[in-house]
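Chemist: Structure for this input, please:
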Amino acid sequence: SELNATVLKEFQILVNCTPLGTYPEVDKAPPLPYEALGSSHLLYDLIYNPSRTTFLKRGLQQGARIKNGLEMLNLQAEASWNIWNS
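Modeler: Residues are numbered from 1 along each chain as shown. Take a look at the predicted model:
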């Protein structure tokens, strides 16, 4: 189904799992109705470099909470270290 304002009222967590926002396409973002976002939304981007992708910046402009993928990267690295060194 189409991701529109009605759908965004029902689902408040949006996760970007695409490479949009990474070099060389740092100005690109998933096609969303960003104007329908607000303070009830959380935008999570798996990308951590740049720390604020266009996806996150556009959500923040609408009052959404944002989080990038740096913590997830660190947690994965720590888990891998423990798996391979335990």
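
Chemist: residue boundaries of the strands in this protein?
Modeler: Along the chain, counting by DSSP state E, strands occupy 13-16, 42-45, 65-67.

Chemist: Buried residues in the second one, which are they?
Modeler: Under the neighbour-count criterion of 16 or more other C-beta atoms under 10 Å, strand 42-45 has 43-45 buried. Yep, even glycine has a C-beta here, placed from its N, CA and C like the rest.

Chemist: How about the last one?
Modeler: Of the residues in strand 65-67, I66 count as buried by neighbour count, 16+ other C-beta under 10 Å.

Chemist: Just the mean pLDDT for the helix ranked longest in the chain, thanks.
Modeler: Under DSSP state H, the helix in the chain containing the largest number of residues is helix 70-85. On average, the pLDDT along helix 70-85 is 96.

Chemist: per-residue pLDDT, the closest residue to A36 other than its chain neighbours?
Modeler: Counting by C-beta to C-beta, 6 or more residues apart in numbering, A5 is the residue found nearest to A36 once chain neighbours are left out, at 3.7 Å. On pLDDT, A5 comes in at 93.

Chemist: Contacts only, for A5.
Modeler: 33, 35-36 (C-beta atoms under 8 Å, 6 or more residues apart in numbering).

Chemist: hang on, the earlier thing: and the strands of the chain as JSON lines, adding distance to K28?
Modeler: Converted to JSON lines, these look like this (distance: least, C-beta to C-beta, whole Å):
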{"stretch": "strand 13-16", "distance to K28": "11"}
{"stretch": "strand 42-45", "distance to K28": "12"}
{"stretch": "strand 65-67", "distance to K28": "17"}
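
Chemist: hmm, back to that, quick check, nearest of the buried residues of strand 42-45 to L20?
Modeler: D45 (9.4 Å; C-beta to C-beta).
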